[in-house]
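1. need the 3D shape of this:
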Amino acid sequence: MMSGNTQKPVAWMMDSGASQHFTPYIEDFTTYTQHKGVEISLSDNSIIKSTSVGSVTIRTNRGYDLILSDVLHVPMTHSRILSTSALKLKGATVGFDHTGFAIRHSERTIQMDTRMEAFTGLWGIKY
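-> Numbers count the residues shown, from 1 in each chain. Down below sits the predicted model:
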């Protein structure tokens, strides 16, 4: 399966409004299963559907493997989305300030980064 996107973004964008992680790139998955699809409402009120669900591993800038479960494959989107609420449900804490953000789990900081200049106002994990 190809996503139809010609150039991959270099980051997973943090999204406090997303209930699940998702990516348009099937090659991001370490495991996945096709499913009927989950409807996703976008900020412009359009609705797109996922085609698969699985696991993705992201190597953080602190050298940890962040294993994301229940990640949706959404070929019709253009961004990788990292849900802060899904991270919190798995026991992580996500903190933001004016310079950057940190993801902590089991009393360890597993990712720290600054605001992404290429995406003004957004936060992301460089991939």
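
2. apart from its chain neighbours, what residue comes closest to Met112?
-> Ala102 (4.7 Å; Cβ to Cβ, 6 or more residues apart in numbering). For glycine as for every other residue, the C-beta is placed from the backbone atoms N, C-alpha and C.

3. residues in contact with that neighbour?
-> 94-95, 109, 111-112 (Cβ atoms under 8 Å, 6 or more residues apart in numbering).

4. distance from the helix or strand harbouring it to the middle of the chain?
-> Here Ala102 is covered by strand 100-105, with elements defined by DSSP states H and E. Centre-to-centre, strand 100-105 and its host chain are 14 Å apart (Cα atoms, centre = their mean, to the nearest Å).

5. what ranges do the helices span in this protein?
-> Using DSSP state H, the helices found in the chain span residues 84-89.

6. distance of the residue nearest to Met112 from Val53?
-> Going from Ala102 to Val53 by Cβ to Cβ, to the nearest Å gives 28 Å.
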